[in-house]
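1. What would the 3D arrangement of this be:
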Amino acid sequence: MLVKIYGSAIHGVAAQTITIEVNVDTGGVGYHLVGLPDNAIKESSYRISAALKNVGYKIPGKKITINMAPADLRKEGAAYDLSIAIGILAASDQILAENIHDYVIMGELSLDGSLQPIKGVLPIAIQAREEGFKGIILPMQNTREAAIVDSLEVYGIENIKEVIDFFNEGKPIERVVLDTRKEFQEKMNDFPFDFSEVKGQETAKRAMEIAAAGGHNIILIGPPGSGKTMLAKRIPGILPPLTLKEALETTKIHSVAGKMGAETSLMTVRPFRSPHHTISDVALVGGGSYPQPGEISLAHNGVLFLDEMPEFKRTVLEVMRQPLEDREVTISRARFTVNYPASFMLVASMNPSPSGFFPDDPGNTSSVYEMQRYMSKLSGPLLDRIDIHIEVQKVEFEQLTEKRKGEKSVEIRERVLKARSIQNDRYKNLAISYNAQMGPKEIEAFCSLDEVSFNLIKQAMEKLNLSARAYDRILKVARTAADLEGSVPILSQHISEAIQYRSLDRGFWNV
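-> Residues are numbered from 1 along each chain as shown. Okay, the predicted model is just below:
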């Protein structure tokens, strides 16, 4: 008897329905699995055999042929165990299969018949709804994630026996229903860190506010213990909240990567990723034999924090240059190409020198050669994509012991939201959303200067030894500073402030 059952395969951050055809023939004995399965799927017969035996069923001693269509698409992982097992039972008349085609069935089997969670549930559920399936049957740990998708019945199971009884006896499985919008609204402002906890560092806080308001990449330069990491961890709390569309995009990526917990349904706050400096280029941008999203994609719609940036291998940093520009990652293999979104805000930190002190500090013991070698780890093209360079000074004792709390993140966020609203109106007919995305045409259209401002930036370029590439960055940051004040024209004070945020372009650092 031939039975068709449906599963799903992940390709990038999208899913494709897989038809699993199971044919049980009395003319012989054998188990044949075709359709480009990987080793994990080929080994499924052992898991399925033990699981069925432990719940009172068995694989029949007949010729079993299983085809996973389309046959030219590579399938991977143990998530097809449940699909294949139910297909074998239906094709051998051990269970009824009248309405089996109404459901997408996925899950990894343990030897006792219990189910293990799988990856990529959200895109699988979205694809199932789009193709008109009535429902989806999944391990219980994955149900909250799938329940985000409306107009689709989601059933969570803990053991294969529940699925068998569902089809064979009509025994109901409890349906999981989730109010996505309510949950999203309740948790969208749930942040563990607040700017009021940061002592001193008012200049750095101001730079972080401008970075958040304009979507600018930023690098913090300061000695150890000055609060660089503390500042970076608090920036998600002042960024605009995720829209529901952005939340779904972000959740899909984390779902494919297997980063969603059993109690998590929808990502409600912007992600904050902080990889260690020993990370490889593949782990950062994504890839592998079976491509998986990297850290820059996991930071999509959020923040990627690179602590002690010069400690990262130069090859690792250089592979970020294209994603920073294109806001997506393309991973090519011989038979296919995968695209992962990577629109993130880069926040980096570094010591001013190998010894940890600024070049003009009396405590600096680094030689000129050591300084040059240290700074050479950051290439010009990479720094060209970082709009704001801010020096973070050591916190004085009086500031550290001050009882008065600083400004709260929610107050800073209100100003950021007002500035973003101005930018949304300005760019509503363009393909950009915020100031950091401006190109030469937009800069020319929206960053015109009066005579005083023009002379100021000219003087800065000449006297502070600023590079030519700093010009556009200064104008973008100045545009954001003006937006925060609600000013239509860019004034001289905005240009002056933006010039201060180009520390690494000054001759001071070109030791």
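2. all contacts plus neighbour counts: C-alpha atoms, from now on.
-> Noted.
3. Sketch out the low-pLDDT regions of this structure for me.
-> Residue ranges of the chain with pLDDT under 70: 505-511.
4. Quick check, central residue of it?
-> Nearest to the mean C-alpha position of the chain, by CA atoms, centre = their mean, lies residue 298 at 2.1 Å.
5. ok, now which ones touch it?
-> Contact analysis of residue 298 by CA atoms under 8 Å, 6 or more residues apart in numbering lists 250, 253-254, 271, 273, 342.
6. and after the biggest strand by length in the chain, which helix or strand comes next?
-> Longest strand of the chain, by residue count under DSSP state E: strand 14-25. Per DSSP states H and E, strand 14-25 leads on to strand 30-34 as the next helix or strand towards the C-terminus.
7. For that following strand, buried residues please.
-> residue 33 (16 or more other CA atoms under 10 Å).
8. residues making contact with that strand?
-> 42, 61-68, 71.
9. chain center to it, what's the gap?
-> 38 Å (CA atoms, centre = their mean, to the nearest Å).
10. What's the first helix or strand after that strand?
-> Sequence order places helix 39-42 as the next helix or strand after strand 30-34, per DSSP H and E.
11. so whatever helix or strand comes next after that next one versus strand 30-34, what angle?
-> Reading on from helix 39-42 to the C-terminus, the next helix or strand found by DSSP H and E is helix 44-54. With axes from the mean of the first three to the mean of the last three CA atoms, to 10 degrees applied, the angle from helix 44-54 to strand 30-34 works out at 130 degrees.
12. Direction included, what does whichever helix or strand comes after helix 44-54 pair against?
-> Remark: after helix 44-54, the chain's next helix or strand is strand 63-69, criterion DSSP H and E. Under the criterion DSSP bridges, strand 63-69 sits next to strand 14-25 (antiparallel), strand 30-34 (parallel) in its sheet.
13. Go through strand 63-69 and flag the buried ones.
-> 64-69.
14. and if you look at stretch 193-206?
-> 193-196, 198-201, 204-205.
15. tell me how far the ends of it are from each other?
-> Distance across stretch 193-206, first residue to last, is 17 Å (CA to CA, to the nearest Å).
16. Which of the strands paired with strand 63-69 has the highest mean neighbour count?
-> strand 14-25 (a mean of 21; mean count of other CA atoms under 10 Å).
17. in the stretch 201-350 of the chain, which spans are helices?
-> Using DSSP state H, counting those that start in this stretch, the helices of the stretch 201-350 of the chain run over residues 202-214, 228-233, 244-256, 281-285, 295-298, 314-318, 321-326.
18. which stretch among these comes nearest residue 122?
-> Comparing the helices of the stretch 201-350 of the chain by their distance to residue 122 (CA to CA), the top pick is helix 244-256, with 5.8 Å.
19. So which residues make contact with the closest one?
-> So helix 244-256 is contacted by 10, 12-13, 119-123, 184, 260, 266-269, 292-293, 297-298, 300-301 (CA under 8 Å, 6+ apart).
20. Of the helices of the stretch 201-350 of the chain, give the one that comes closest to residue 111.
-> Going by CA to CA, the one of those nearest residue 111 is helix 244-256, 24.9 Å.
21. can you give me how far the closest one is from the chain middle?
-> 8 Å.
22. How about it, which residues are buried there?
-> Under the neighbour-count criterion of 16+ other CA under 10 Å, helix 244-256 has 244, 246-256 buried.
23. Going by distance to residue 460, which of those wins?
-> So of these, ranked by how close each gets to residue 460 (CA to CA), first place is residue 246, at 39.3 Å.
24. these two touch, right, residue 92 and residue 22?
-> No: checked against CA atoms under 8 Å, the pair residue 92 and residue 22 is beyond contact range at 9.3 Å.
25. Which of the buried residues of stretch 193-206 fall in helices?
-> The helices, defined by DSSP state H, take in 204-205 from the buried residues of stretch 193-206.
26. still on that earlier bit, so for residue 98, which of the helices of the stretch 201-350 of the chain sits nearest?
-> helix 244-256 (31.4 Å).
27. quick one, that closest one and strand 14-25 angle?
-> Angle of helix 244-256 versus strand 14-25, following the same axes, to 10 degrees, is 50 degrees.
28. So what would you say the end-to-end distance of stretch 359-371 is?
-> Note: stretch 359-371 ends 8 Å apart using CA to CA.
29. sorry, back to before: take the buried residues of strand 63-69 and lay them out in a markdown table including distance to residue 471.
-> Written out in a markdown table, the entries for those read as follows (distance: CA to CA, whole Å):
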| residue | distance to residue 471 |
| --- | --- |
| 64 | 69 |
| 65 | 66 |
| 66 | 63 |
| 67 | 60 |
| 68 | 56 |
| 69 | 55 |
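30. which two in those residues are spaced the farthest apart?
-> Largest separation among these by CA to CA: 64 and 69, giving 16.0 Å.
31. ok, and what's touching the longest strand of the chain?
-> By CA under 8 Å, 6+ apart, strand 14-25 touches 1-10, 62-70, 83-84, 87-88, 91-92, 123-124, 127-128.
32. re the thing from before, I'd like the strands paired with strand 63-69 laid out as a markdown table, including distance to residue 479.
-> A markdown table is the format used below for the strands paired with strand 63-69 (distance: least, CA to CA, whole Å):
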| stretch | distance to residue 479 |
| --- | --- |
| strand 14-25 | 37 |
| strand 30-34 | 59 |
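33. Which residues does the top helix by length along the chain contact?
-> If you go by DSSP H, the chain has its longest helix at helix 409-426. For helix 409-426, the surrounding residues in contact (CA under 8 Å, 6+ apart) are 194-196, 209-210, 212-214, 234, 237-240, 433-435, 480, 483-484, 486.
34. Of the contacts of residue 298, which is the nearest to residue 47?
-> residue 254 (27.2 Å).
35. Would you mind measuring from the closest one to residue 20?
-> Residue 254 is 26 Å from residue 20, by CA to CA.
36. ditto for residue 395
-> 63 Å.
37. now residue 175
-> Taking CA to CA, one finds residue 175 at 24 Å from residue 20.
38. cool, and residue 301?
-> Taking CA to CA, one finds residue 301 at 36 Å from residue 20.
39. Could you do residue 77 as well?
-> 15 Å.
40. Next, the buried residues of stretch 353-369.
-> 353-359, 365-366.
41. which one of those residues sits closest to residue 389?
-> residue 358 (14.1 Å).
42. List phi and psi for the closest one.
-> Torsion angles at residue 358 (phi, psi; degrees, to the nearest 10) stand at phi -70, psi 150.
43. surely it meets residue 366?
-> No: the criterion here is CA under 8 Å, and residue 358 misses it with residue 366 at 9.7 Å.
44. could you check the angle helix 202-214 makes with the longest helix of the chain?
-> Helix 409-426 and helix 202-214 are oriented at 40 degrees to each other (the same axes, to 10 degrees).
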